[in-house]
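J.: Fold the following for me, if possible:
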Amino acid sequence: MDLTSAQRSYLTRLAHAVQPVVQIGKAGLTPSVITALSRALEDHELVKVKFQGFKDEKNDLSQKAELATSSILVRLVGNTAIYFKYQADAKRRQVKLPR
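T.: Prediction:
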């Protein structure tokens, strides 16, 4: 699923109030980080990831995390990546994207 620029802007505005729930530190993008990100996306749909380490490689790591979790990298702002993944269960969806 590709997002329009309006949808990306909308998700970025929603993410402004969200605190980072996953951090990528000195160990990098480990399987446990991927698991934590997948679980957070399942619970919240819209998740921020903070890069504590590997700041020089954040572009590559954020794209690898996007592929590993089957999510969408909404935006990379500074050392924070914003990810979105639709909740499979329509009753549990929290985010309604504009068209």
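
J.: and the spatially most central residue of the chain, what are its bridge partners?
T.: Among the residues of the chain, the one closest to the centroid is Tyr83, at 1.8 Å (C-alpha atoms, centre = their mean). Judged by DSSP bridges, the bridge partners of Tyr83 are Val47, Leu73.

J.: okay, it: pLDDT?
T.: Per-residue pLDDT puts Tyr83 at 97.

J.: which strands and helices sit next to the longest helix along the chain?
T.: If you go by DSSP state H, the chain has its longest helix at helix 31-44. Packing contacts for helix 31-44, counted by 3 or more C-beta pairs under 8 Å, 6 or more residues apart in numbering; DSSP states H and E, involve strand 22-24, strand 46-51, helix 58-69, strand 80-84. Backbone N, C-alpha and C define where each C-beta goes, glycine included.

J.: any idea which of those is most buried?
T.: strand 80-84 (a mean of 23; mean count of other C-beta atoms under 10 Å).

J.: Give me the distance from it to the chain's centre.
T.: 3 Å (C-alpha atoms, centre = their mean, to the nearest Å).

J.: cool, stretch 5-15 as well?
T.: With C-alpha atoms, centre = their mean, you get 12 Å for stretch 5-15.
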